[in-house]
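A.B. asks: Return atomic coordinates for the entry below.
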Amino acid sequence: QLQLVESGGGMVQPGGSLRLSCAASGLNYYTIGWFRQAPGKEREGVSCISSSGDETNYADSVQGRFTISRDNAKNTVYLQMNSLKPEDTTTYYCAAAPYWSGYCRPGFFTSWGQGTQVTVSS
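C.D. replies: I've put the predicted structure just below:
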């Protein structure tokens, strides 16, 4: 089990940007995903990246606006979020999976962070 720590959340105006970070010792061996969960809704996969960084996928709702990347030397995965919309407002979680499945679904992930709040509002 990894101890994942998210950071970088906050409040931003529509159209603005934020960069989330997910850090953990040993993270570089794992597939990492970013998920979000609005109140009363299921947790959804936002973006996932393989341990090498060669494979990524994105939810349709964020394709072209969000970019996932990783710096394995720093044991950190990033989620660059641009052109933010009010509907992006929620808590974002990073999670780790022991292998790349090709699917960014919560069931494949075994370690979870505590979450970081993102609020997009004017």
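
A.B. asks: Does I49 touch S69 like I think?
C.D. replies: Yes - in this structure, I49 sits in contact with S69. The criterion is Cβ atoms under 8 Å, and the distance is 7.2 Å. (Each C-beta comes from the backbone N, C-alpha and C, glycine too.)

A.B. asks: the more surrounded of the two?
C.D. replies: For the pair I49 and S69, the greater number of neighbours falls to I49 (23 against 14), based on other Cβ atoms under 10 Å.

A.B. asks: tell me which residues form a beta bridge with that one?
C.D. replies: The partner list for I49 in beta bridges (DSSP bridges) reads I32, T56.

A.B. asks: helix, strand or coil for the residue positioned nearest the centre of the chain?
C.D. replies: To find the centre residue of the chain, average its C-alpha atoms and take the closest one (Cα atoms, centre = their mean): that gives W34, at 2.2 Å. Recorded secondary structure, W34: strand (DSSP: H, G, I helix; E, B strand; the rest coil).

A.B. asks: how near is it to S122?
C.D. replies: 24 Å (Cβ to Cβ, to the nearest Å).

A.B. asks: one step back: contact partners for the residue nearest to the centre of the chain?
C.D. replies: Taking Cβ atoms under 8 Å, 6 or more residues apart in numbering as the definition of contact, the neighbours of W34 are 20, 22, 45-48, 68, 77, 79, 92-95.

A.B. asks: Mind doing that once more with 10 Å?
C.D. replies: Contacts for W34 (Cβ atoms under 10 Å, 6 or more residues apart in numbering) come out as 6, 20, 22, 45-49, 58-59, 62, 66, 68, 77-79, 81, 92-95, 104, 113.

A.B. asks: Counting only strands, which of the residues you listed make the cut?
C.D. replies: 6, 20, 22, 45-49, 58, 66, 68, 77-79, 81, 92-95 (DSSP state E).

A.B. asks: beta partners for S7?
C.D. replies: Using DSSP bridges, the beta-bridge partners of S7 come out as S21.

A.B. asks: which ones are touching it?
C.D. replies: If a contact means Cβ under 10 Å, 6+ apart, then S7 has 19-23, 76, 94, 113, 116 as its contacts.
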